[in-house]
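>>> coordinates only, no sequence provided:
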């Protein structure tokens, strides 16, 4: 049968094999399985036959998951630091810090029960919830310390402090969760993206509430100590003794600065309440003026992602033979290498002509309809210049250099492909 397609990898004739997964399968599991099999296959191939992966979607997925996980860990660490600065008690900080990972673990178990996986959206929801889910434990600890200041023993202070805020904490939980309820009524791609995130946030908040009612009081029983008379909430004398501990000095200076801030805030609040109508009118005026800036913000369905990949679809005049198309694509690739430095690219692959099977044609999304069509895939190195800059230059250069060829730039990264073809 006549040849209908030609493939080159970095200018060398090659055979391209694409592996597509169904929607219910993990990208990471598929890629890991293929890599294991490739090692076995390579061992039985001739030395002059080279097999390499030229497009690995798992790299982007792993980087995204790792980035969100790191950001979540940083958020948890900063939250614990803020708690230590404001409460000034390492015992209280330990109690709250323990509740954070346990709440996240509970949310992960809940997500698994709902059939979700750890992905960009679920991890993003958990990272979003980190700063919120400490509220329950923090308020509980603060209220227990307040009761200890009143001279109560630890057990009584825990029972009274926890019971006093249970209703308010539950209402706060409902108010946060109800914000995410409308996401469950979304349809199409929006539902696919945002429902897992909503589930992650709601489950994290639910487990945070449960732990603040159970684990936090229990740990308080073992870690917190009664406050002696004439001491503050941290058990320190009202007239603090001198200390050489730099951490204690820093915490005391922070508390003093915060007390000064509270004094300024109190004075400003009294002024605002004395002229409340003027304050409300000024506030509404600022809000209305801010709304006037909305047209300048721009809008987009999803933020752009720089995955370091470029996909170019080129269509030559109808009737061009596949051999002629291959020669023209070689010229196009030479122009591309003049725009993108060689040290910036890892691979440059062209796939020219019709797929050899109608099954493959079903999954083609770039509009290849004959031997005059072809795709060029460019993979950039890790530390590359912005991909959008190269795309912009190629949009300017290629049509001028090849006026009889129509160029288009379909989405190359996995996120854009999902949003456009999901």
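Ah, there it is. Keep in mind that what you see is a predicted model, and the values were worked out from it rather than measured. Residues are numbered from 1 along each chain as shown.

>>> can you give me the domain assignment for this structure?
61-232, 246-295, 308-421 (automatic domain parsing).

>>> out of these, flag the one nearest residue 54.
domain 308-421 (4.9 Å; C-beta to C-beta). To be clear about C-beta, it is placed using only N, CA and C from the backbone, and glycine gets the same treatment.

>>> average pLDDT across the closest one?
Average pLDDT, domain 308-421: 84.

>>> next: stretch 215-230.
Here the average pLDDT along stretch 215-230 is 79.

>>> swap in stretch 87-103?
On average, stretch 87-103 scores 83.

>>> can you pull out the residues in contact with that stretch?
76, 79-80, 83-84, 129-130, 133-134, 136-138, 141-142, 145, 204, 207-208, 211-212, 215-216, 219-220, 223-225, 233-234, 251, 255 (C-beta atoms under 8 Å, 6 or more residues apart in numbering).

>>> now the helix or strand containing residue 83, how far from the chain's geometric center?
Secondary structure assignment for residue 83, by DSSP states H and E: helix 57-87. Offset of helix 57-87 from its chain centre (C-alpha atoms, centre = their mean, to the nearest Å): 10 Å.

>>> follow-up on the earlier one: and the contacts of stretch 87-103, which are buried?
76, 79-80, 83-84, 129-130, 133-134, 136-138, 141-142, 145, 204, 207-208, 211-212, 215-216, 219-220, 223-224, 233-234, 251, 255 (16 or more other C-beta atoms under 10 Å).

>>> take these and keep only those in helices.
Judged by DSSP state H, helices contain the following of the buried ones among the contacts of stretch 87-103: 76, 79-80, 83-84, 129-130, 133-134, 136-138, 141-142, 145, 204, 207-208, 211-212, 215-216, 219-220, 223, 251, 255.

>>> in the stretch 251-400 of the chain, which spans are helices?
Taking DSSP state H, counting those that start in this stretch as the test, the helices found in the stretch 251-400 of the chain are 276-291, 322-339, 358-362, 387-401.

>>> which of the ones you listed is buried the deepest?
helix 322-339 (a mean of 17; mean count of other C-beta atoms under 10 Å).

>>> which strands or helices does it pack on?
strand 5-9, strand 309-315, strand 345-353, strand 373-380, helix 387-401 (3 or more C-beta pairs under 8 Å, 6 or more residues apart in numbering; DSSP states H and E).

>>> can I get these in TSV with distance to residue 117?
Shown next, in TSV, are these (distance: least, C-beta to C-beta, whole Å):
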stretch	distance to residue 117
strand 5-9	32
strand 309-315	23
strand 345-353	28
strand 373-380	26
helix 387-401	27
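
>>> list the buried residues for the strand or helix carrying residue 171?
Using DSSP H and E, residue 171 maps to helix 154-180. Of the residues in helix 154-180, those with enough neighbours to count as buried (16+ other C-beta under 10 Å) are 154, 157-158, 161-162, 165, 169, 172-173, 176-177, 180.

>>> over to stretch 291-305?
Buried, per 16+ other C-beta under 10 Å, within stretch 291-305: residue 305.

>>> could you check how far that stretch is from the centre of its chain?
19 Å.

>>> for that stretch, measure first residue to last.
28 Å (C-alpha to C-alpha, to the nearest Å).

>>> repeat that for stretch 37-54.
End to end - C-alpha to C-alpha - stretch 37-54 spans 16 Å.

>>> repeat that for stretch 16-32.
Start and end residues of stretch 16-32 are separated by 19 Å (C-alpha to C-alpha).

>>> need the residues that contact it.
7, 9, 34, 54, 56-58, 61-62, 117, 349, 351, 360, 363, 414.

>>> I'd like to know which of these are buried.
7, 9, 57-58, 61, 349, 351, 414.

>>> just send those back as TSV, with distance to residue 198 too.
Below are the buried ones among the contacts of stretch 16-32 laid out as TSV (distance: C-beta to C-beta, whole Å):
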residue	distance to residue 198
7	43
9	43
57	25
58	26
61	21
349	39
351	39
414	22
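
>>> nearest to residue 374, out of the helices of the stretch 251-400 of the chain?
The nearest among the helices of the stretch 251-400 of the chain, by C-beta to C-beta, is helix 322-339 at 5.6 Å.

>>> need the residues that contact the closest one.
3-6, 8, 11, 312, 314, 316, 320, 345, 348, 350, 352-353, 371-374, 376, 378, 390, 393-394, 397-398, 401-402, 405.

>>> one more time with 7 Å, if that's ok
3-6, 314, 316, 348, 350, 352-353, 371-372, 374, 376, 378, 390, 393-394, 397-398, 401-402 (C-beta atoms under 7 Å, 6 or more residues apart in numbering).

>>> among those residues, which ones are buried?
5-6, 314, 316, 348, 350, 352-353, 371-372, 374, 376, 378, 390, 394, 398, 402.

>>> for stretch 140-151, buried residues please.
So stretch 140-151, judged by 16+ other C-beta under 10 Å, has buried residues 140-145, 147-148.

>>> determine which two of those residues are furthest apart.
140 and 148 (12.8 Å).

>>> re earlier: quick one: mean pLDDT for the helix holding residue 171?
Helix 154-180 shows a mean pLDDT of 90 in the predicted model.

>>> that one vs helix 215-223, what angle?
Put simply, helix 154-180 runs at 150 degrees to helix 215-223, going by axes from the mean of the first three to the mean of the last three C-alpha atoms, to 10 degrees.

>>> elements contacting helix 154-180?
Applying 3 or more C-beta pairs under 7 Å, 6 or more residues apart in numbering; DSSP states H and E, one finds that helix 154-180 contacts helix 120-149, helix 188-213, helix 215-223.

>>> do you know which of the ones you listed lies nearest residue 341?
helix 120-149 (30.6 Å).

>>> many thanks, have a good one.
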